[in-house]
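Asker: Here is my input, please return the structure:
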Amino acid sequence: MIRESQTAVIARNEIWQGTAATEPYEAGWATEAIFFVRALAFRSGSDDWSASATLPLRKPSDRPPIRVQFSADGMRWIDEGTGFELPHSTDHDSFMRVRHFGNWLRIVAELPDGLAIKALVTIHLK
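Answerer: Model (predicted):
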C-alpha cells in the first residue's frame with residue numbers, strides 16, 4: 001500500500017509582524033505533518049527589506065516565537081505544545097514535525113517589536 005502525501009503552501013510573501021497566523025489547513029486524514037518556514041526577507045525598525053539579512057538576536061523567553069496550534073472546528077485554536085524558532089537568515093529554513101493533531105492545523109508567530117519578515121510557509125502531510 002502506498003501512503004498518500006500532500007504538500008501545500010499556506011503562506012506566500014506574507015508580511016509577519018507582531019502576532020501573525022497562517023490560514024487553517026484541514027489535515028484530518030494525515031497522521032503526521034511537517035511545517036517549513038522560510039524568511040524571504042527581514043525588516044528591522046525603519047530599515048528597508050533585506051533578502052540577505054540575518055535575524056537580529058532575540059532575548060531568550062519561555063515561549064518560542066513560532067508555535068503549532070490545532071483545532072476541532074478550524075475557528076477556535078489550542079496550542080499543541082510544539083514550538084520552534086524563526087529562520088535565523090534568508091539562507092535557512094525552520095521546521096517542526098507534528099503527530100496526533102486531529103483535523104485542523106496552523107502556526108502562529110510572535111515577533112519582537114520592530115521586526116517584520118516576509119514568510120513562505122509550507123505544510124507537508126502523510
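Asker: can you give me the end-to-end distance of stretch 68-76?
Answerer: End-to-end span of stretch 68-76 (Cα to Cα, to the nearest Å): 13 Å.
Asker: Let me see the ranges of the strands in the protein.
Answerer: 6-17, 19-21, 25-26, 32-44, 66-71, 78-84, 93-99, 104-110, 115-125 (DSSP state E).
Asker: Quick one: closest of these to residue 52.
Answerer: Nearest to residue 52, of all the strands of the chain, is strand 32-44, at 8.8 Å by Cβ to Cβ. From N, CA and C alone the C-beta is placed, and that goes for glycine too.
Asker: Centre of the chain to that closest one, how far?
Answerer: Centre-to-centre, strand 32-44 and its host chain are 6 Å apart (Cα atoms, centre = their mean, to the nearest Å).
Asker: which residues are in contact with it?
Answerer: Strand 32-44 is contacted from outside by 13, 27, 49-51, 53-56, 66, 68, 84, 86-87, 89-90, 93-99, 101, 105, 107, 109, 114-126, using Cβ atoms under 8 Å, 6 or more residues apart in numbering.
Asker: Got a quick PyMOL command for the buried subset of those?
Answerer: A single PyMOL command selects the buried members of the contacts of strand 32-44 (16 or more other Cβ atoms under 10 Å):
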select buried, resi 27+53+55+66+68+84+86+87+90+94+96+98+101+105+107+109+115+116+117+118+119+120+121+122+123+124+125
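Asker: Determine how far the last residue of stretch 71-82 lies from the first.
Answerer: Using Cα to Cα, one end of stretch 71-82 lies 14 Å from the other.
Asker: mean confidence score for that stretch?
Answerer: Per-residue pLDDT values across stretch 71-82 average out to 93.
Asker: Likewise for stretch 115-126?
Answerer: Stretch 115-126 carries an average pLDDT of 95.
Asker: What does the pLDDT read for the closest residue to residue 42 other than its chain neighbours?
Answerer: Spatial nearest neighbour of residue 42, chain neighbours left out: residue 53 (4.1 Å); criterion: Cβ to Cβ, 6 or more residues apart in numbering. At residue 53, the model reports a pLDDT of 72.
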